[in-house]
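A.B. asks: Provided below are the primary sequence and the corresponding predicted coordinates.
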Amino acid sequence: MTASMNTHDEKASILLIYTGGTIGMIENPETGVLESFNFQHLKDNMPELKKLGYAVSTIQFDPAMDSSEMGPDSWMKIVRIIADNYQLYDGFVVLHGTDTMSFTASALSFMLENLSKPVILTGSQLPIGMLRTDGKENLITAIEIAAAKENGVPVVPEVCIFFENDLLRGNRTSKINADNFNAFRSYNYPPLAHAGIYIKYDTQQIYHPVSRKPLKPHYLLDRNIAVLKLFPGISPQVVESILNIPGLKGVVMETFGSGNAPCYDWFLAMLKEAVDRGIVIVNVTQCSAGSVEMHRYETGHKLLKAGVISGFDSTTESAVTKLMFLFGHGLTSEEVKDHMNCSLIGEVTIPDTFRP
Ligand code: ASP
C-alpha cells in the first residue's frame, strides 16, 4: 500500500445513480417485508450528503429494482446514464442491491470502454434508515473515492465495488456473505484501497487507461450463455439438456479444484460435440480462490483435448458477462476464444507461460 492520499477536491461533482437495493428500502409495516422505496427516502435519511462538500447530483431508476431482477437491460440503462453525463461529472457512484452487484460491476467494466473516471458501486446489508445501517459509511466513502484526484487525475479510473472498508476491482468480486456487512471478496486480485482513518490506495494495483481515447459505451450483449455447475454424480441428462439449449453460444463450466471434471466418456463426448458445434466452453473453478490449470491433472487435460478453454482465475460473474459482451458484438467462436485468452480490463490473470 502507498501512503494515504488526501485527495479531496472541494468542487468535485459526483453523479449518484440509485438503482435500488436494500440501501434505499423500507420495511412494509403490514408485512414486514423490505420493499424498494423512492430515492427521496435515502436523501431524507442522509443529511450528511449535503455536508460532504461535493456537488452531488442524483438520478434514480423508476421503479427502483431489487438487484435479483437486474440484467442486461438494467446494465445498459446504467451505461446510458453514465455515457450521457460523462462530461458533466468527475465520478459516478452506483447504488445497487448487493445480490447481483458483482455481475453488474463485471458487465459495466466491459461495457464502458476507455473509462477514465471512477464508477464506484456500493449498497448495504441494512437499509439506510436503520440505526445500525452500513449504508451511510459505504455511501460516503464511495463518494469520496469517486471524487479523489491526484494532480487533477482521478485516482481510481475503474469500475469498482466499495463495501465495508475495501475498494475492490468490480470484475474480480463475488458476493460471499448474505448476512455480514463484509459481503464481498476479490480473492484473486488485491484490494485497490482500504478505508480506515484514511483511505489508503494501492496505486500499483489500480488500472490506468493507456490511451486517452474518449469513452466508448457498449450496449450489445448476448444472453445465450449458460452456467454448468458440476457436482459428483451429475447425470448425462443434465449435461445434455444444458449443452443443447437452442441458440446457446457459450457455457461457463464450474469445475472442481484446479479445473478438473469427471473423465466419463459420455461427458467428454458431449463437451467435444458441443465445442464442434461452435459453443465456447470456459472452465472456471468452483473454488473461491486460485486458478484453473488444465495441464495439471489428467482430468483437466482431457477437458482441454475436448476443446474446453481455460477461464484461468476469472470469477463466474466475470466470465458470464464477458461472454455476453463478446458474443453480443457478433464475434465468432474462435474470436471469442481469443478474447477469453486475454485480459480486456484486468478481469483475469493470464500466466506468462500460457500458449493458446
Ligand atoms: N435483495 C437486495 C438486492 O440485491 C439485497 C441487497 O440490496 O443487499 O437488491
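C.D. replies: Noted; the coordinates are in hand.

A.B. asks: Distance check, whatever residue of the stretch 1-150 of the chain ends up closest to the ligand against Lys175.
C.D. replies: With Cβ to the nearest ligand atom as the measure, Gly97 is the residue of the stretch 1-150 of the chain nearest to the ligand, at 1.9 Å. For glycine as for every other residue, the C-beta is placed from the backbone atoms N, C-alpha and C. Shown here: Gly97 relative to Lys175, a distance of 10 Å by Cβ to Cβ, to the nearest Å.

A.B. asks: neighbour count winner among the two?
C.D. replies: Gly97 (25 against 19; other Cβ atoms under 10 Å).

A.B. asks: From the opening residue of stretch 319-336 to its closing one, how far?
C.D. replies: With Cα to Cα, to the nearest Å as the measure, stretch 319-336 spans 11 Å from end to end.

A.B. asks: List the contacts of that stretch.
C.D. replies: Applying Cβ atoms under 8 Å, 6 or more residues apart in numbering, the contact partners of stretch 319-336 are 72, 103, 106-107, 110-111, 171, 218, 220-225, 227, 249-250, 252, 278-280, 282, 284, 311, 314, 339-340, 344, 347.

A.B. asks: Among these, which are located in helices?
C.D. replies: Pro72, Phe103, Ser106, Ala107, Phe110, Met111, His339, Met340 (DSSP state H).

A.B. asks: quick revisit: using PyMOL, define a selection of the buried residues within the contacts of stretch 319-336.
C.D. replies: To isolate the buried ones among those in PyMOL, judged by 16 or more other Cβ atoms under 10 Å, type:
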select buried, resi 72+103+106+107+110+111+171+218+221+222+224+225+249+250+252+279+280+282+284+311+314+339+340+344+347
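
A.B. asks: Assign a three-state SS to the residue in the stretch 201-350 of the chain that the ligand sits nearest to, would you?
C.D. replies: The minimum distance from the stretch 201-350 of the chain to the ligand, using Cβ to the nearest ligand atom, falls at Glu317 (13.7 Å). Following DSSP: H, G, I helix; E, B strand; the rest coil, the label given to Glu317 is helix.

A.B. asks: List the contacts of it.
C.D. replies: Contact analysis of Glu317 by Cβ under 8 Å, 6+ apart lists Ser102, Phe103, Ala105, Ser106, Asn171, Thr173, Ser174.

A.B. asks: Filtering those residues by proximity to the ligand, which remain?
C.D. replies: Filtering the contacts of Glu317 for neighbours of the ligand using Cβ under 6 Å from any ligand atom leaves an empty set.

A.B. asks: Show me which residues of the protein are close to the ligand?
C.D. replies: Gly20, Gly21, Thr22, Asp66, Ser67, Ser68, Gly97, Thr98, Asp99, Gly123, Gln125.

A.B. asks: Is there a neighbour count for the fourth one? I'd like the number.
C.D. replies: So that's Asp66. 18.

A.B. asks: Next up, phi/psi of Ile82, please.
C.D. replies: phi -70, psi -40 (degrees, to the nearest 10).

A.B. asks: Excluding chain neighbours, what is closest to it?
C.D. replies: Spatially, and ignoring its direct neighbours in sequence, Ile82 is nearest to Phe92 (5.5 Å; Cβ to Cβ, 6 or more residues apart in numbering).

A.B. asks: Pull the contacting residues for that neighbour.
C.D. replies: Listed by Cβ under 8 Å, 6+ apart, the contact set of Phe92 reads Ile14, Leu15, Ile17, Ile82, Asn85, Lys117, Pro118, Val119, Ile120, Ala146.

A.B. asks: I'd assumed it was in a strand, is it?
C.D. replies: Yes - counting by three-state DSSP, Phe92 is found in a strand.

A.B. asks: Below-threshold pLDDT in the stretch 251-356 of the chain: ranges please.
C.D. replies: Low-confidence segments of the stretch 251-356 of the chain (pLDDT under 70): none present.
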